[in-house]
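# build me a model from this:
(chains A and B)
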Amino acid sequence: MNTIRALTGVVIKELYRRKDFYVLFVLTAVITVAAGSMRFFQDPNIVRYMKDLCMLLIWVSALLITIATAARQIPAERESRTIFPLLAKPVTRGQVILGKFFGCWLASGIVLVVFYVFFAIVTGSREQYWPVADYFQALVLQWIMLGIVTAMTLLGSIVFAAPSSTVTILFIVVAGILFLGRHLNTVALHNAEPLRGLIYTIYFIIPHLELFDVRERLVNDWGLVSWLDCGLAALYAAAYTGLFLLLTWLAFRRKSLT
Amino acid sequence: MKKPSPGWLLALLLTVCFTLATLFVPRAAWWNGVPRAADWNKSQSQSDNVFKLLLGEGRRLFGIEMFVMADSYFHSGYYPSVFDQQETEKDVAAPAYGKTGDSDSTSDDFLGPPPDWIAALDRQFVPNRHTHLDSGGPLGHMKSSEVQEILPWLKLATDMNPQYIKAYRVGGYWLRRLHKLAEARDFLFEGLHNNPGNIELLFDLGWLYEKDFQDTDRARNVWMAGLRCWGGAQSANDQSNPEAQLAYEETAMNLADLEQDQGNWPQAIKYLEMVKKVSPNPDTVQKQIDEVEKKVTTGK
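Model prediction:
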């Protein structure tokens, strides 16, 4: 446990040494504040367009930071050859995977907290309304989703040749799932066999990351999602995260490091 | 590859900020102040240029998308995607065209029953009921003033496509409902600046003057201008447009009512004759004409 905690700490330190987070946060803040400074028809209470824009930027930034951070963990250790002294200590490859995973996941959680605090301050100051529980639920769901993405990216970093290709492929896959995932069953129904069966299979195999996207509810003040449903979604995410971590370990276990 | 230094990154960030500021500041200035008539030409051409510069004539296609966003906000996000059955009539526009309720709306239950457990779970995390912002929104206790949230999208729709008459009319209607009379008038003026002599916009403007500003004389003048423009070359397309025909009919009918109120019977008959020509129920209009003629002969 201490080994995993130590590896996790290293990844978190790496997050605040790198510039990715600062650049994306400043960009998000600048664009949100610029959008918020606009007035439509002399009405200072119009706020949802700004919330919508800010949440979109938070989602894009969090995905970029998470994928970019997770994709370079193991390749960077191999490239700089620090993986050898690491594995020479009583550290197993499984612990390396878990340490890297928890590090990246916690780092993405820290990023989310900063982004959501900014979001709450900007929107709360504009509409004088503070649905803290809604923000907390949205944050937790997004963080759970980022757990799946982190595990997927770690697997990609073992399978693909370079971190750049891992980042590109993972970003396309994640964006594809977020945009099309919930509609694949509808698309399947409009096709004949065997294409219908194939699309349905993909629909049931892919991790439905869009389940954790409550932006529409948050922006349009729909109130809280039932915590029971959140729990079911968390179990669903845990199953996929575990599966991807297991696959990562299986791929990394026999992988040559030279 | 050599890593860029933090100084370079900061310089890049400042450049991005400066570029965004040059883009947003003129627009913010335009939106912050009600434009004076003298400024319309100048400001409109400036805002036109921003979108023209970025998107060219293709920006007009985005006008419809912006209008769809307004309708989506009106439904608090409960809205069919490209994969679902589309709305035939936009609910956000219905009240502006005098339609009440949404019996013909396809967005009531476009989802249908969930086909599988993933879809069933998914629906707990997205907007999942058909509601309207003007009737309480999803939680049922919102003030009707929440409708203001659709306004940015209507403004953007007209910025993208200045010939999008429906967006001006719907925007004008909701601004009136929100008691933003000056803003509604300016928005319709903007529409008329971009679409001179448009009968639908002139009808709405006259209605605004009569019902909200209680300025009957100005309403009459605006409606008369609408009728004069109807015969002009620029309204050739309007005459085949059912919404423009309806606006023409209602303009003539309102003028007939105004003239009857003031006892100008011959003028009232003239306007009723205009209504009769385009009305789907000419017999009913003829009855009205007969009644007015009877009043003329009896001298009442």
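
# can you tell me the closest non-neighbouring residue to A:Gly156?
Nearest non-adjacent residue to A:Gly156, counting by Cβ to Cβ, 6 or more residues apart in numbering or on different chains: A:Thr166, 4.3 Å away. Where C-beta positions appear, they are placed from N, C-alpha and C, glycine not excepted.

# ok, residues contacting the helix or strand hosting that neighbour?
Applying DSSP states H and E as the criterion places A:Thr166 in helix A:163-180. Contact with helix A:163-180 is made by A:63-64, A:67-68, A:71-72, A:75-76, A:149, A:152-153, A:156-157, A:160, A:187, A:206-210, A:213, as judged by Cβ atoms under 8 Å, 6 or more residues apart in numbering or on different chains.

# could you rerun that using 6 Å?
Residues outside helix A:163-180 that contact it (Cβ atoms under 6 Å, 6 or more residues apart in numbering or on different chains) are A:67-68, A:71-72, A:75, A:149, A:153, A:156-157, A:160, A:206, A:209-210.

# what mean pLDDT does the next helix or strand after it get?
Using DSSP H and E, the next helix or strand after helix A:163-180 towards the C-terminus is helix A:184-189. Regarding helix A:184-189, the rounded mean pLDDT is 87.

# C-terminal to helix A:184-189, what's the next element?
Counting by DSSP H and E, the next helix or strand C-terminal to helix A:184-189 is helix A:195-205.

# that next one vs chain B: in contact?
No: counting by Cβ under 6 Å from any Cβ of the partner chain, chain B is not contacted by helix A:195-205; separation bottoms out at 7.4 Å.

# now the element after that helix, going C-ward?
helix A:215-219.

# any residue of whichever helix or strand comes after that next one touching chain B?
The helix or strand immediately downstream of helix A:215-219 is helix A:227-253, counting by DSSP H and E. Yes: counting by Cβ under 6 Å from any Cβ, contacts between helix A:227-253 and chain B involve A:Asp229.

# how about the nearest residue to the residue lying farthest from the centre of chain A, chain neighbours excluded?
Most distant from the centre of chain A: A:Gln42, at 37.6 Å, with distances by Cα atoms, centre = their mean. Nearest residue to A:Gln42, sequence neighbours excluded (Cβ to Cβ, 6+ apart): B:Glu183, at 6.1 Å.

# give the buried residues for the helix or strand hosting that neighbour.
Using DSSP H and E, B:Glu183 maps to helix B:181-194. By neighbour count with 16 or more other Cβ atoms under 10 Å in any protein chain shown, helix B:181-194 contains the buried residues B:Glu183, B:Ala184, B:Arg185, B:Asp186, B:Phe187, B:Leu188, B:Phe189, B:Glu190, B:Gly191, B:Leu192, B:Asn194.

# over to stretch B:128-136?
B:Asn128, B:His130, B:Thr131, B:His132, B:Leu133, B:Asp134.

# between the buried residues of helix B:181-194, which is closest to chain A?
B:Glu183 (4.3 Å; Cβ to the nearest Cβ).

# isn't that closest one up against B:Leu175?
Yes: contact criterion Cβ atoms under 6 Å: B:Glu183 and B:Leu175 qualify, at 5.0 Å.

# by mean pLDDT, which helix or strand of the chain comes out lowest?
You didn't pick a chain, so chain A it is. Counting by mean pLDDT, DSSP states H and E, the weakest-scoring helix or strand in chain A turns out to be helix A:83-88, with a mean of 80.

# switch to chain B, that's the one I care about
helix B:37-55 (a mean of 56).

# tell me which other helices or strands the following helix or strand past that one touches.
Following helix B:37-55 in sequence order, the next helix or strand is helix B:59-74 (DSSP H and E). Under the contact criterion of 3 or more Cβ pairs under 6 Å, 6 or more residues apart in numbering or on different chains; DSSP states H and E, helix B:59-74 touches helix B:151-160.

# so where is the stretch 201-300 of chain B shaky, pLDDT-wise?
B:232-239, B:299-300 (pLDDT under 70).

# residue in it nearest to chain A?
Closest point on the stretch 201-300 of chain B to chain A, by Cβ to the nearest Cβ, is B:Leu208, at 14.5 Å.

# helix/strand/coil for A:Thr258?
Following DSSP: H, G, I helix; E, B strand; the rest coil, A:Thr258 is assigned to coil.

# report the separation between it and A:Thr92.
19 Å (Cβ to Cβ, to the nearest Å).
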